[in-house]
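> pasting the sequence and the predicted coordinates here, then a few questions.
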Amino acid sequence: MANVGKPLGDRVLLKLEDTEKKSQGGIILNQTTQNVQTAKVVAVSEGFIGQSGERIKLEVNEGDSVLIPNGSGTKLRLEGEDYFLVRESEILMVV
């Protein structure tokens with residue numbers, strides 16, 4: 001994967017993972033029909049400055065698979081690829 005830069009503050013750069021699920025009736029559900037999306041963490045900021053003045057590191061790491069709410073973050077196109085820039089607080093969980 002190309003070097004796409006480093007997010008700032010409490011932001012995380014994600015690439016949606018292609019996951020396909022089927023309903024009980026056999027209907028294929030893509031990510032846009034679900035409430036959450038699975039994404040791979042591509043880049044993480046070095047953290048943000050807390051109220052005490054100390055840098056607070058983010059809890060997610062590059063390479064983690066995470067769940068985010070459908071429609072969260074800002075969609076970016078970098079070097080011909082689609083990514084999402086989200087705040088760490090938008091990430092629901094590491095899977």
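Ah, there it is. Note that the structure is a prediction, hence the values are computed from the model and not measured.
> so how far is residue 51 from the spatially most central residue of the chain?
With distances taken as C-alpha atoms, centre = their mean, residue 14 lies nearest the centre of the chain, 3.6 Å away. Using C-beta to C-beta, to the nearest Å, residue 14 is found at 27 Å from residue 51. Every residue, glycine included, has its C-beta placed from N, CA and C.
> residue 37 too?
On the measure of C-beta to C-beta, residue 37 and residue 51 end up 32 Å apart.
> compare the two (neighbour count), which wins?
residue 37 (22 against 6; other C-beta atoms under 10 Å).
> bridged to that one, which residues?
Legend: beta-bridge partners of residue 37 under DSSP bridges are residue 68.
> residue contacts, it?
For residue 37, the contacting residues are 16, 31, 67-70, by C-beta atoms under 8 Å, 6 or more residues apart in numbering.
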